[in-house]
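Engineer: The following comprises the amino acid sequence and a computationally predicted model.
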Amino acid sequence: MTTPEPSTEPSTEPSARDVDVLVTGAGITGLYQLYRAREAGFSVQLLEAGDGVGGTWYWNRYPGARFDSESYTYGYIFSKELFEEWEWQEHFAEQPEIEQYLNHVVDRFDLRRHIRFGARVSSAVYDEGSGTWSVAASDGTRFRARYFVAATGVLSVPYYPEVPGREDFRGESYHTGLWPAEPVDFAGKRVAVIGTGSSGVQVIPTIADEVASLTVYQRTANWCTPLNNAPITPDEQAELRANFEAMCEILDTSPSGFLHLAHDRAAFDDSREERWSFFEKMWGSPGFSKLTSNYSDLLMDEAANAEWCEFVSEKIRGIIEDPETAEKLIPSDHRFGEKRPPFVTGYFEAFNNPHVELVDLRQTPILRMTEDGIETSEGVREFDIVVWATGFDFGTGALARMGIRGRDGVALVDHWADGPRTFLGVQTAGFPNFFFPGGPHAAAGNNPRYNGDQVDFITDTLVYLRSNGFETIEVTSSAEDTWTDMIDRWATRAPSFGESSYYFGSNIPGKPRKYLLNSAGRPKLFAEIARVAETDYQAFTLSRSSDRRSAEV
Ligand code: NAP
């Protein structure tokens with residue numbers, strides 16, 4: 001990856017506008033940061049590359065895109081009124097409803113006037129003299145911000161694998177993470193889907209009935225289990241409203257940010273018969289509860305994990321009529337939870353359609369794209385549409401592409417050449433007044449809850465600085481080292497997490513193999529945030545402009 005040079009300011013460009021807090025990214029995290037900073041009395045501006053709000057939920061508008069965390073646990077819980085007035089239609093909402101919700105939030109809290117759309121940050125350079133960030137966007141606007149908050153998400157840079165001839169294909173071609181706003185017409189088309197991660201397995205059953213033929217190119221089978229979605233009934237709506245405070249209490253304190261309760265038994269506390277009956281209950285349970293409410297040792301004990309995998313394999317064999325296809329769809333190279341498990345609706349069933357076919361790329365790898373289709377070692381198949389469900393440059397992708405330079409002109413990509421280095425997943429040493437909630441080392445569960453914790457911490461920190469007359473804040477190298485070493489150590493502690501996961505950046509050729517989530521979990525984040533307050537921000541260097549001036553003399 002090349003390191004963007006800091007921009008120089010041509011005299012014809014408009015002069016920079018001053019703002020206290022400049023946020024980039026109008027996703028769930030960025031909008032919350034915008035709201036909190038404005039409510040705390042700071043002048044604010046948000047820059048968004050897209051033409052609408054939603055972030056990940058704006059760009060990923062492919063057919064079948066939906067939450068796999070419960071809608072009411074993923075949405076905002078900072079306002080009871082908002083919670084009460086927005087009735088989610090389904091336990092796991094689909095992308096159009098999510099986008100509508102976020103637009104509603106923006107208008108309800110009068111945030112739109114602070115957002116500039118079509119403005120992708122192209123450079124952000126720290127000026128040591130003034131203790132501010134000079135930020136330039138693709139639409140020619142420039143800002144000088146006291147605090148720069150990049151809420152650019154972990155899944156915002158789509159990844160296309162290096163398949164020879166990719167540009168040669170003359171049919172329609174789409175990446176799930178960059179889906180067009182206009183509907184794609186699949187009717188009667190010959191369609192290929194490459195990739196069977198969470199995105200691919202949502203697209204496949206959604207378009208299966210519409211297309212003339214669907215060919216699924218799978219490299220690695222995933223442990224897919226049912227999402228078990230359903231409309232939210234009027235009684236459930238009433239219950240959600242009545243239990244708002246109790247729900248917030250659980251979400252604000254849960255280690256994973258979900259409502260699902262942990263199970264208190266280990267797999268071999270039960271007989272095989274009892275275990276299978278419990279697994280049956282898990283199979284019918286909603287979304288992530290299969291991970292968070294399953295046997296307590298599921299992720300730590302290989303034998304326990306193998307039992308669940310055997311149960312799921314039996315289920316897959318029971319659904320799919322063709323035994324050969326069933327075996328291909330059963331993962332053989334990783335345990336449940338080692339990669340992020342997708343949750344599906346009608347995925348396995350789709351393969352029972354005669355016009356839906358699975359190509360196992362381990363047996364017949366893709367050689368190249370041709371003008372008409374895809375060539376594997378087996379020959380060429382022709383397609384009208386190719387869907388790339390091939391994932392993202394996870395965690396650091398967007399931050400690495402924004403031309404961020406900190407003190408002494410050091411580029412963020414150089415500081416992170418061996419992987420991200422952070423404290424609490426919110427700051428990095430050498431980049432004063434720069435925060436990145438919802439980025440690397442952030443969540444390891446229900447994202448908005450973790451990311452919200454970070455936004456709350458950042459906002460409280462900005463208020464603390466203002467109240468105490470400080471203008472700059474920079475995490476110390478030792479605090480960064482301690483947190484980063486801890487993340488790396490914990491990442492390999494649970495035997496279930498293998499480095500084959502994109503959680504380690506391993507899907508991107510040449511990317512350092514470093515854990516990109518918060519491996520220590522939310523309790524550790526809470527504990528460290530509390531310690532920051534108790535120790536009067538010892539993990540940071542705080543300064544006033546007079547300090548900076550005297551340091552320069
Ligand atoms: P992903 O999990 O990284 O999956 C990418 C897929 O593309 C994998 O099957 C991968 O195979 C395949 N692939 C990559 N390079 C390939 C190549 N050269 N040839 C053939 N296949 C190739 O990406 P994703 O499905 O977009 O999901 C990313 C994340 O987004 C999810 O894990 C989840 O966190 C989030 N997501 C969430 C939701 C939701 O909440 N509802 C929905 C969709 C996505 P290998 O496994 O062999 O690398």
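Structural biologist: That came through, no problem.

Engineer: these two touch, right, residue 166 and residue 366?
Structural biologist: No. With contact defined as Cβ atoms under 8 Å, residue 166 does not reach residue 366; the gap is 10.1 Å. Backbone N, C-alpha and C define where each C-beta goes, glycine included.

Engineer: Give me the more crowded residue out of those two.
Structural biologist: Neighbours were counted for residue 166 and for residue 366 using other Cβ atoms under 10 Å; residue 366 has more, 18 against 14.

Engineer: Okay, and the beta partners of the more buried one?
Structural biologist: With DSSP bridges applied, residue 366 shows beta-bridge pairing to residue 376.

Engineer: Report the contact partners of it.
Structural biologist: Counting by Cβ atoms under 8 Å, 6 or more residues apart in numbering, residue 366 touches 163, 194, 217, 374-376.

Engineer: Can you tell me which of those is closest to residue 97?
Structural biologist: Closest approach to residue 97 among the contacts of residue 366 (Cβ to Cβ): residue 194, at 27.5 Å.

Engineer: per-residue pLDDT, the closest residue to residue 317 other than its chain neighbours?
Structural biologist: Excluding the flanking residues, the one nearest residue 317 by Cβ to Cβ, 6 or more residues apart in numbering is residue 326, at 4.8 Å. Per-residue confidence at residue 326 stands at 98 (pLDDT).

Engineer: What's the local residue count around residue 463?
Structural biologist: Residue 463: 15 surrounding residues under other Cβ under 10 Å.

Engineer: what does the chain put close to the ligand?
Structural biologist: When proximity is defined by Cβ under 6 Å from any ligand atom, the chain lies next to the ligand at 66-68, 155, 161, 176, 194-200, 202, 217, 219-220, 340, 361, 366, 389-392, 502, 507.

Engineer: Mind checking which of those are buried?
Structural biologist: 66-68, 155, 176, 194-200, 202, 217, 219-220, 340, 361, 366, 389-392, 502, 507 (16 or more other Cβ atoms under 10 Å).

Engineer: Point out the ones among the residues of the chain next to the ligand that are inside helices.
Structural biologist: 198-200, 202 (DSSP state H).

Engineer: hang on, isn't the residue nearest to residue 317 packed against residue 314?
Structural biologist: No. With contact defined as Cβ under 8 Å, residue 326 does not count as touching residue 314 (10.2 Å).

Engineer: between those two, which one's more packed in?
Structural biologist: More crowded of residue 326 and residue 314, by other Cβ under 10 Å: residue 326, with 18 against 13.

Engineer: hmm, who's touching the helix or strand hosting the more buried one?
Structural biologist: Per DSSP states H and E: residue 326 is located in helix 323-328. Helix 323-328 is contacted by residues 218, 221, 316-317, 319-320, 351, 358, 360 when judged by Cβ under 8 Å, 6+ apart.

Engineer: List the buried residues of it.
Structural biologist: Buried-residue list, helix 323-328, by 16+ other Cβ under 10 Å: 325-326, 328.

Engineer: how close does residue 248 sit to the ligand?
Structural biologist: 21 Å (Cβ to the nearest ligand atom, to the nearest Å).

Engineer: show me what contacts that residue?
Structural biologist: Residue 248 makes contact with residue 77 under the criterion Cβ under 8 Å, 6+ apart.

Engineer: Look up which helix or strand it falls in, please.
Structural biologist: Judged by DSSP H and E, residue 248 forms part of helix 244-253.

Engineer: List the buried residues in that helix.
Structural biologist: Applying 16+ other Cβ under 10 Å to helix 244-253 flags 247, 251 as buried.

Engineer: chain center to it, what's the gap?
Structural biologist: 22 Å (Cα atoms, centre = their mean, to the nearest Å).

Engineer: Dump that helix to CSV, keeping only the CA atoms.
Structural biologist: The C-alpha trace of helix 244-253 is given here as CSV (Å, rounded to 0.1, in the frame of the first residue of the first chain):
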residue,chain,number,x,y,z
PHE,A,244,-37.0,-0.9,27.9
GLU,A,245,-35.0,-0.1,31.1
ALA,A,246,-34.4,-3.7,31.9
MET,A,247,-33.3,-4.4,28.3
CYS,A,248,-30.8,-1.4,28.5
GLU,A,249,-29.5,-2.7,31.7
ILE,A,250,-28.6,-6.0,30.1
LEU,A,251,-27.3,-4.5,26.9
ASP,A,252,-25.2,-2.0,28.8
THR,A,253,-23.5,-4.6,30.9
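
Engineer: That helix - what's its average pLDDT?
Structural biologist: Mean predicted confidence for helix 244-253 is 96.

Engineer: what do you get for stretch 518-531?
Structural biologist: 94.

Engineer: Stretch 126-135 too?
Structural biologist: Here the average pLDDT along stretch 126-135 is 97.

Engineer: Mind telling me which residue of the stretch 451-553 of the chain is nearest the ligand?
Structural biologist: In the stretch 451-553 of the chain, the residue found nearest to the ligand is residue 502; the distance is 4.7 Å by Cβ to the nearest ligand atom.

Engineer: That residue contacts residue 393, doesn't it?
Structural biologist: No. Using Cβ under 8 Å, residue 502 is not in contact with residue 393, being 9.0 Å away.

Engineer: Can you pull the residues that touch both of the two?
Structural biologist: With Cβ under 8 Å, 6+ apart, residue 502 and residue 393 have common neighbours residue 508.

Engineer: And the lengthiest helix in the chain, what's buried?
Structural biologist: As assigned by DSSP H, the longest helix anywhere in the chain is helix 447-467. For helix 447-467, the buried set under the neighbour-count rule, 16+ other Cβ under 10 Å, comprises 447-459, 461-462, 464-465.

Engineer: how about the CA coordinates for it, as PDB?
Structural biologist: Output of helix 447-467 as PDB, limited to C-alpha atoms (Å, rounded to 0.1, in the frame of the first residue of the first chain):
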ATOM      1  CA  ASN A 447     -21.000  -3.900  17.400                       C
ATOM      2  CA  PRO A 448     -23.200  -0.800  18.200                       C
ATOM      3  CA  ARG A 449     -23.000  -1.600  21.900                       C
ATOM      4  CA  TYR A 450     -19.100  -1.700  22.000                       C
ATOM      5  CA  ASN A 451     -18.800   1.200  19.600                       C
ATOM      6  CA  GLY A 452     -21.300   3.200  21.700                       C
ATOM      7  CA  ASP A 453     -19.100   2.500  24.800                       C
ATOM      8  CA  GLN A 454     -16.200   4.000  22.900                       C
ATOM      9  CA  VAL A 455     -18.200   7.000  21.700                       C
ATOM     10  CA  ASP A 456     -19.300   7.600  25.300                       C
ATOM     11  CA  PHE A 457     -15.800   7.400  26.500                       C
ATOM     12  CA  ILE A 458     -14.500   9.800  23.800                       C
ATOM     13  CA  THR A 459     -17.200  12.300  24.500                       C
ATOM     14  CA  ASP A 460     -16.700  12.200  28.200                       C
ATOM     15  CA  THR A 461     -13.000  12.700  27.500                       C
ATOM     16  CA  LEU A 462     -13.600  15.800  25.400                       C
ATOM     17  CA  VAL A 463     -15.800  17.300  28.100                       C
ATOM     18  CA  TYR A 464     -13.100  16.500  30.700                       C
ATOM     19  CA  LEU A 465     -10.500  18.200  28.500                       C
ATOM     20  CA  ARG A 466     -12.700  21.300  28.100                       C
ATOM     21  CA  SER A 467     -13.500  21.500  31.800                       C
END
